[in-house]
Structure formats: structure tokens, C-alpha cells
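Q: curious how this folds, go ahead:
(chains A and B)
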Amino acid sequence: MNALTPDAIRATILDALCAIAPETDPATLAADKPLRDQVDLDSMDFLNVIVRLHEVFGIDIPESDYGQLGTLDAAVDYFARRSAAR
Amino acid sequence: MHEFRMPALGADMDAGTLVEWMVKPGDAIKRGQVVAVVETQKGAIEVEIWEEGIVDSLAVETGRKVPVGEVLALLRAPGEPAGAAPARPAPAVPPPAASAAAPAAPPVQAAPAAVPQAGRTRISPSARKLAEELGIAIDSVMPAEPGGVVSRTDVERAAAAAKAAPAPAARSGISAAAGSGISAATSAATSATTSATTSVAADWHAQMRKAIAAAMSRSKREIPHYYLASEIDVTAVTDWLVGENLKRSVAQRLLPAVPFMKAVALALREVPELNGLWTADGFQPSPAIHLGMAIAMRGGGLVAPAIHDADRLDLDAMMAALRDLVTRVRGGRLRSSEMSDPTVTLTSLGDQGVDGVFAVIYPPQVAIVGLGKVVERPRAVGGAIVARKVVTATLAADHRVSDGHRGALFLAALGRLLNEPEKLR
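A: This next block holds a predicted model:
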């Protein structure tokens, strides 16, 4: 698979967030601020978002990388880097 | 003839509105089958039946608020002749709105009750909230996919449609199935309760706060709580979990809550006076450990449904049960047995960053266990100061049933079990 574009990655992440936390409003989400401050995600929700992204991107996401997924921008960078590396 | 009655749905709920029948007269039913959906202050609940037999007649139509204990349906044993039913039980007190409006309603209106309308009222809490704000009756909203969960988009679409076509017809009448056992006379209440159902939906959050207020006030009024806290070293179990999850694919990973739940369930075996129900005859210990999990609902409020026989589940089964329960709390339906069966509750507020939680017992249970956030703390181990991962575990228990000494044994057992994670499997 080719490297994913940042826009496609961003859209996929927002889709996953909206599916798990339906009250999420992509329009008001600050991409550089911690997701957990803006979206009410507990550890089960967060894991379910990770599972969804794993299914869509086909990228394994080790627990030790969770720290790189704190903001929308950081998460987009992470998946862009990981998809480019394969 | 067996009378199937509205089950108790927890200490804080004394009635529920029947929104859907999943069976009709003549259907053969099995133990554990979901036969109806009831709307409560804590969302839609699937009501299970614990008898085998054949549905003889349905005694309550959709749209009615039914008190706990009222007959919902009559069931005959396989082989028992049909129509041998005793006189239909007198209808319980209908909602005031219905009785006031009933005389004005058309005398003969067919009841839609006997026709199952599968998968119509599943709605996400946020969509429900939007429906309230827009004044849209939940019943009137169809999900995008048949049998799916109603989303915010569906509600918006329904709102737009309602604007375009004002005064939509109330539930359209469908001819009552022969032998449904529902007389046309009582069905007059249906149209009146449609508006009652709408108003219930409109102040759903207020209703849920009321339900929580009632149960928690009763708890604080009746239960002499005592509280214990213990800082437990969880380095062993968290390290073990990191190693375990490294071996697993994303979808197979375990949350830290899972070994904690298992350890709580096993520790309860050692101190049985924390697991059971307080009744008119005093404490009834429960041989089974049905762990109520306090789960926050999106948009506010909480519910604490049971994971049945939690002490017997291995960690994968526990994870699957927790995931299923959280998913259904947030977007689906809980089952009546999950609402009525918890013998003890676990509340975990670590995700929200609190160190410890001193919880209020959910009556008629007699104990609630609290877990805070896992944090690194300096601890003295073998004469040296080292960084260890710790969690504050708390117990609130009913002093009528147990004493602090026994409660302390529970927290000690919990600490010991969490220190041997390989034995939690």
C-alpha cells in the first residue's frame, strides 16, 4: 500500500472518534490540543479507537506508542510516518 | 399458566415503559430469551424471561408504563391447551395523563402491541439528547440501517421531516392479531401515552438524576457505611500486563481494569459478607459473584450492570464481557438480568485521574469497591527507596453485615492477588 495522505489519515481518525464518541464535533476540535481534554474518552473508548484505526490502516500500534497519539496532529504525523515506513 | 411479570430493574427503578414486544402469542420461548424492551430512567432494557413455554397472550401493550411486578404476559407450558387463561389481570394504574385523556380517545383503536417492531428504539445517548432538545419523539426516529442504532444524523433527518410535515400521525393502528389478549378498550390509552412517552424522553436526564438521587439517598439513609483505603503495589500486575499485551494484537489486548476486576472477584470469595443483598430478613450472602461495573453514560449519569460469575471468567472472557457491557451502556441495550443481578459493585475512576474513590453503596448490595488511578510513587522496598506503581483501593461496606476487620482482610486479599498476576488467569 502507498503511504497515506495526511488528509485521508485525519478524516479516518475523526471518523473513528465520532463513531466511539458520537458527540464529537470535528469542526470545533483543536488539532494541537490533547484529544482527551476535548473528547470524553475513557480507556475502553481509547482502545476501541485504536482497534478501529488498526483495522483501517493495517498498522500495528503497540501500547508503548500510545503516548504519540495525544493530539489529532500528533496522531496524523504518527500514522503518516508509520505508513510511509512500510 | 405462568404469569410473566415485570422484573425488578434495580433499586432505583420501580416502573418501566413497555416500548416493544419481541414475541407474539403462539411463539415458543426459551430460558433467557429477550421478550420485550422496556424504557427506563437509565435507558432501554431488554427484558429476559427465565421460563420455557409458549406465549399465550400479552397483557400489556406498548406505550404503557408498567410497575415492577405487574403481569406482562401469560405463558403456557408446552402441551397445555391454549385459551385456558385465567381472567386477565386488572390493568395496573395507568399513567395519569392516559386516564384523563382516555374517554376522549376514539373508542376502538387497534393495538399495535402484538406486532414486534424489531430494532426500532435503539438510540445513542447523544442522539437521544438531541432528540430531546428538538422535541422529537424517540419512537418516531428510524435508524439509517434497519435494526441499527439511531444516530444524531437520523434525529436531524427526523426533525427536518417533522418540520416539512407538521402533525405526523401518531403510531398508525395495525389490526390486533387474533388471540393477542389485548382488548380494544384498553388500547385507547395508547394514543394518550404516546405523548406521555415523548415527555419522558424530553426530560430523560432529569429522570436519570432522580433515579440516582433516590437510590443514593436511600443508601445514605439506611446503610451505615464504613470506609477503608489501602495503597496497593500493582507493579507486578502492570508489568505482567505490558508483557502480555506486547504478545497480543490490538483487538486482543487487555485493559488494566480486567485483571483488577478478576482480583476483586476472587478476593470477594474470601470475604463473603461483602457479596450479597440486604433484605427484609437481613443479609443474604450470594454464592455467585455478579460484579456490578459502574459505567458512565455519555451525556451524564451512570449505570452499574452485572458481569455474571466474574470470579469464574478468565481474563479474555472478562475483557470481552466488559467491552460488550460498555458498548451496550453507551449505544445499545442492557438486559434485565444485568440490571437486577449485581451482588457487589466496582467503581473505577482512575481514567479520570482521581487517586481514590469513596463510593456510595448501591442498595440492596452491601459493599462497593473503588479503584483510583495507577501512579508511580516512591516506596521503601527492602530498605531502599524505589519507584513502584501503586493504586488506592477503597472499600465502602455495610456495617450491619461486616466490620472493618473483615473489610481489611478483603483489601489485603486484593493486594495479595494483584501481586501474583500469573494466578489471575
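
Q: switch to C-alpha atoms for all contacts and neighbour counts from now on
A: Noted.

Q: pull the contacting residues for the most centrally placed residue in chain A.
A: The centroid of chain A falls nearest to residue A:13 when counting by CA atoms, centre = their mean (4.2 Å). If you count contacts by CA atoms under 8 Å, 6 or more residues apart in numbering or on different chains, residue A:13 has them with A:53, A:72, A:76.

Q: what's the spacing between it and residue A:20?
A: Between residue A:13 and residue A:20 the computed distance is 11 Å (CA to CA, to the nearest Å).

Q: need phi/psi at the residue lying closest to residue A:36 once chain neighbours are set aside.
A: Once flanking residues are discounted, residue A:36 sits nearest to residue A:70: 7.4 Å by CA to CA, 6 or more residues apart in numbering or on different chains. Phi and psi for residue A:70, reported as degrees, to the nearest 10, are phi -70, psi -30.

Q: backbone dihedrals for residue B:63, please?
A: Geometry field for residue B:63 lists phi and psi as phi 100, psi -10, criterion degrees, to the nearest 10.

Q: hang on, the earlier thing: for the contacts of residue A:13, which single residue is the most surrounded?
A: Neighbour counts for the contacts of residue A:13 were taken using other CA atoms under 10 Å in any protein chain shown; the highest belongs to residue A:76, with 24 neighbours.

Q: please identify the buried residues of the particular helix or strand that has residue A:73 in it?
A: For residue A:73, the host element (DSSP states H and E) is helix A:72-84. For helix A:72-84, the buried set under the neighbour-count rule, 16 or more other CA atoms under 10 Å in any protein chain shown, comprises A:72, A:73, A:74, A:75, A:76, A:77, A:78, A:79, A:80, A:82, A:83.

Q: pLDDT below threshold where in chain A?
A: Within chain A, the ranges that satisfy pLDDT under 70 run A:1-3.

Q: contacting residues around residue 76?
A: You didn't say which chain, so I picked chain A. With contacts defined as CA under 8 Å, 6+ apart, residue A:76 is in contact with A:6, A:9, A:10, A:13.

Q: that's the other chain; I wanted chain B
A: Taking CA under 8 Å, 6+ apart as the contact definition, residue B:76 lies against B:1, B:2, B:53, B:54, B:55, B:56, B:82.

Q: could I get the full set of helices for chain B?
A: Taking DSSP state H to define them, one finds helices in chain B at B:96-101, B:125-134, B:152-164, B:184-202, B:204-222, B:235-246, B:257-270, B:315-331, B:336-340, B:404-418.

Q: returning to that earlier point: out of the contacts of residue B:76, who's the most crowded?
A: Neighbour counts for these peak at residue B:56, which has 28 neighbours (criterion: other CA under 10 Å).

Q: how much space separates residue B:211 from residue B:400?
A: Taking CA to CA as the measure, residue B:211 and residue B:400 are separated by 25 Å.

Q: same question, residue B:223
A: Counting by CA to CA, the gap between residue B:223 and residue B:400 amounts to 8 Å.

Q: thinking again about what came up before, closest one of the contacts of residue A:13 to residue B:289?
A: Here the nearest of the contacts of residue A:13 to residue B:289, counting by CA to CA, is residue A:53; it sits at 35.5 Å.

Q: that closest one against residue A:17, yeah?
A: No - between residue A:53 and residue A:17 no contact is recorded; they are 9.8 Å apart, counting by CA atoms under 8 Å.

Q: can you check the pLDDT for the residue nearest to residue B:20 when sequence neighbours are not counted?
A: The shortest distance from residue B:20 to any residue other than its chain neighbours is 5.0 Å, reached at residue B:37 (CA to CA, 6+ apart). What the model reports for residue B:37 is a pLDDT of 92.

Q: give me the number of residues near residue B:403?
A: When counting by other CA under 10 Å, one arrives at 13 neighbours for residue B:403.

Q: scratch that, residue B:70
A: For residue B:70, the tally of surrounding residues (other CA under 10 Å) stands at 19.

Q: from chain A, how far out is it?
A: Relative to chain A, residue B:70 is positioned 36 Å away (CA to the nearest CA, to the nearest Å).

Q: residue B:228 now?
A: Taking CA to the nearest CA, one finds residue B:228 at 26 Å from chain A.

Q: for that residue, what are its contacts?
A: B:394, B:395, B:396, B:404, B:407, B:408.

Q: check what pLDDT the residue nearest the centre of chain B gets.
A: By CA atoms, centre = their mean, the mean C-alpha position of chain B lies nearest to residue B:339, the distance being 3.9 Å. Note for residue B:339: predicted pLDDT of 90.

Q: next: residue B:349.
A: Residue B:349 is assigned 89 on the pLDDT scale.

Q: pretty sure it contacts residue B:371?
A: Yes - using CA under 8 Å, residue B:349 is in contact with residue B:371, at 6.4 Å.

Q: more neighbours, these two?
A: Between residue B:349 and residue B:371, counted using other CA under 10 Å, the more crowded position is residue B:371 (26 against 19).

Q: the more buried one and residue B:232: what is the separation?
A: Relative to residue B:232, residue B:371 is positioned 10 Å away (CA to CA).

Q: what's the overlap in contacts for the two?
A: Overlap between the neighbourhoods of residue B:371 and residue B:232 consists of B:391, B:392, B:393, taking contacts as CA under 8 Å, 6+ apart.

Q: residue B:271: neighbouring residues, count only.
A: By other CA under 10 Å, 17 other residues sit near residue B:271.

Q: ok, now residue B:385?
A: Neighbour count of residue B:385, defined by other CA under 10 Å: 11.

Q: show me the contacts for it.
A: Residues counted as contacts of residue B:385 (CA under 8 Å, 6+ apart) are B:378, B:379.

Q: next one: it from residue A:12, what distance?
A: For residue B:385, the distance to residue A:12 - CA to CA - is 46 Å.

Q: could you dump the shared contacts of residue B:371 and residue B:232 to a markdown table with distance to chain A and pLDDT?
A: Converted to a markdown table, the shared contacts of residue B:371 and residue B:232 look like this (distance: CA to the nearest CA, whole Å; pLDDT from 0 to 100):
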| residue | distance to chain A | pLDDT |
| --- | --- | --- |
| B:391 | 16 | 97 |
| B:392 | 18 | 97 |
| B:393 | 18 | 98 |
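
Q: closest to residue B:294 out of those?
A: The nearest member of those to residue B:294, counting by CA to CA, is residue B:393 at 15.1 Å.
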